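Novice: Sequence and predicted model, in that order:
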Amino acid sequence: MNPAPPPGRAAPPADRRRQARTIAALAGVLIVGGLALIFLVDRLPLPFRLFLGLGDVIAGCVLLIVLRQKFR
């Protein structure tokens, strides 16, 4: 594992790309998983499904906003 860069210096471009890819993949998984939880799982009561599914979708959207603010 690489040590963190000293304060005031940006991470190398390869590390930034890897971080951006990881955040984008995690956001996509959260959004798709949340939608699948809302529409495909029938064993949970509807309010519980909506609460959990929308929580995942919102968390994924927040990660997309972080991705846009930090890496673009």
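Specialist: That came through fine.
Novice: Report the contact partners of the residue positioned nearest the centre of the chain.
Specialist: The centre of the chain sits closest to Ala27, judged by C-alpha atoms, centre = their mean, with a distance of 2.7 Å. Counting by C-beta atoms under 8 Å, 6 or more residues apart in numbering, Ala27 touches 60-61, 63-64, 67. Placement of C-beta: from N, CA and C, glycine included.
Novice: I'd like the distance between Asp56 and Leu40.
Specialist: As judged by C-beta to C-beta, to the nearest Å, Asp56 and Leu40 stand 13 Å apart.
Novice: and the gap between the residue nearest to the centre of the chain and Cys61?
Specialist: On the measure of C-beta to C-beta, Ala27 and Cys61 end up 8 Å apart.
Novice: What of Pro45?
Specialist: Per C-beta to C-beta, Pro45 is found 24 Å from Cys61.
Novice: Between these two, point out the one with more neighbours.
Specialist: Neighbours were counted for Pro45 and for Cys61 using other C-beta atoms under 10 Å; Cys61 has more, 14 against 8.
Novice: Where does the more buried one sit: helix, strand or coil?
Specialist: Secondary structure assignment for Cys61 (DSSP: H, G, I helix; E, B strand; the rest coil): helix.
Novice: wait, what's in contact with the closest residue to Ala59 other than its chain neighbours?
Specialist: By the measure of C-beta to C-beta, 6 or more residues apart in numbering, the closest residue to Ala59 outside its immediate chain neighbours is Leu30, 5.2 Å from it. Counting by C-beta under 8 Å, 6+ apart, Leu30 touches 56-57, 59-60, 63.
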